[in-house]
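Colleague: Here is a sequence together with a model predicted from it:
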Amino acid sequence: MLRDVPHARFERHVTLLGRRYALVLDQRRGPVMVWGARAFRAIRSEQDKRPVPLLEDGHRRWWLFEDRIWAGDGDLDTDDVLALVRDRSRRRRRRVAHARAALAHDRAHRDAGGHATRTDRRGRRRDPERPPTGPTADRATPADRRHRRPIPVDVRRAVWTRDDGRCTACGTDFDLQFDHVIPIATGGADTVENLQVLCGPCNRAKGATVG
Ligand SMILES: [Zn+2]
């Protein structure tokens, strides 16, 4: 969709015709686009305000925004790119907030002399020999739970893989659950389309807004 291209950079060349700025996306391929000094200055000042398209190859378009180079699908426009970049930093901030909350929780727990049940969980998650098995708990109302079969394993696996083993709202890999986008109680099904991975805090926040 949209990703930053950390190795991309601009090279400045001094030529007989003045300064030239060349965009290099990949060191082996060399420059893919060259601008004169005035055009480049215009791009540089514009990209402080909004994403500026640099070039496209039919499938993808490259953008300069806030001193970073981004590669996105060819159909994304300026507002799409802006929205995706902002969404990305919002997710990152939320992830940091979650991580800090988890750390504070661990510390409080340890200070209280409790045994960290989370340590097992976290250790298991990080063990490279054992791939994550996915969330085990699904948050359901007691009424739901009485009438419900467990979510089929292949559905759980597909949802987990699609969501990359992370909360789809904030990106954390901590305290994860399967969430029904449309609740079972209002006709939602145990399908891949109707399920998503959420962390406990995001699931509770969703519950609070949905009612
Ligand atoms: Zn979350």
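Modeller: Great, that's in hand. Given the structure is predicted, the values throughout are model-derived calculations rather than measurements.
Colleague: Enumerate the residues of this protein near the ion.
Modeller: Proximity of the chain to the ion (CB under 5 Å from the ion) is limited to residues 167, 169-170, 199, 202. C-beta: built from backbone N, CA, C; applies to glycine.
Colleague: buried set for the longest helix seen in the chain?
Modeller: The helix spanning the most residues in the chain, taking DSSP state H as the definition, is helix 78-111. The neighbour-count check on helix 78-111 (16 or more other CB atoms under 10 Å) flags 81-82, 84-85, 91, 94-95, 98, 102 as buried.
Colleague: Give the residue spans of the protein that score low on pLDDT.
Modeller: For the chain, applying pLDDT under 70 flags the ranges 113-148, 208-211.
Colleague: just the helices in it please.
Modeller: Secondary structure of the chain by DSSP H: the helices cover 37-46, 78-111, 117-126, 142-147, 153-162, 200-210.
Colleague: Dump the ones you listed into a markdown table; add distance to residue 191 as well.
Modeller: Below are the helices of the chain laid out as a markdown table (distance: least, CB to CB, whole Å):
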| stretch | distance to residue 191 |
| --- | --- |
| helix 37-46 | 44 |
| helix 78-111 | 25 |
| helix 117-126 | 26 |
| helix 142-147 | 16 |
| helix 153-162 | 7 |
| helix 200-210 | 18 |
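Colleague: Using the record's domain definitions, break the protein down for me.
Modeller: The record's domain parsing of the chain by automatic domain parsing lists 2-76, 134-210.
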